[in-house]
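Engineer: the following comprises the amino acid sequence and a computationally predicted model.
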Amino acid sequence: MARRPTCSYYRCREAGLYIVELEGSRYFLCRKHYRALLKALREQAKAKGSSELGELVVKRRGGGIIFSAP
Ligand SMILES: [Zn+2]
């Protein structure tokens with residue numbers, strides 16, 4: 001029986017609906033955190049003129065991840 005993926009974001013228990021690849025690892029994200037990721041990318045694009053997933057700061061915390069624009 002396949003386990004349904006849950007969001008990889010720190011302490012989030014929502015269903016993981018989106019897959020993102022960060023620093024060579026794959027993570028599931030729920031709708032809310034996927035939107036938060038897109039928002040961080042947009043803000044980074046505004047500040048720097050470019051936007052790539054690999055440029056986001058991703059930290060591992062308590063078995064999950066947190067991310068933010070640098
Ligand atoms: Zn989440």
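Structural biologist: Thanks, I have the structure now. Numbering: from 1, shown residues only.
Engineer: distance of residue 38 relative to the ion?
Structural biologist: With the distance defined as C-beta to the ion, to the nearest Å, residue 38 ends up 13 Å from the ion. All C-beta spots, glycine's among them, are computed from the backbone N, C-alpha and C.
Engineer: give me the pLDDT value at that residue.
Structural biologist: pLDDT recorded at residue 38 is 89.
Engineer: what about it, which SS state?
Structural biologist: Secondary structure, DSSP: H, G, I helix; E, B strand; the rest coil: residue 38 is helix.
Engineer: what's the local residue count around it?
Structural biologist: 13 (other C-beta atoms under 10 Å).
Engineer: relative to residue 64, how far out is it?
Structural biologist: 19 Å (C-beta to C-beta, to the nearest Å).
Engineer: what do you get for residue 45?
Structural biologist: Taking C-beta to C-beta as the measure, residue 45 falls 25 Å from residue 64.
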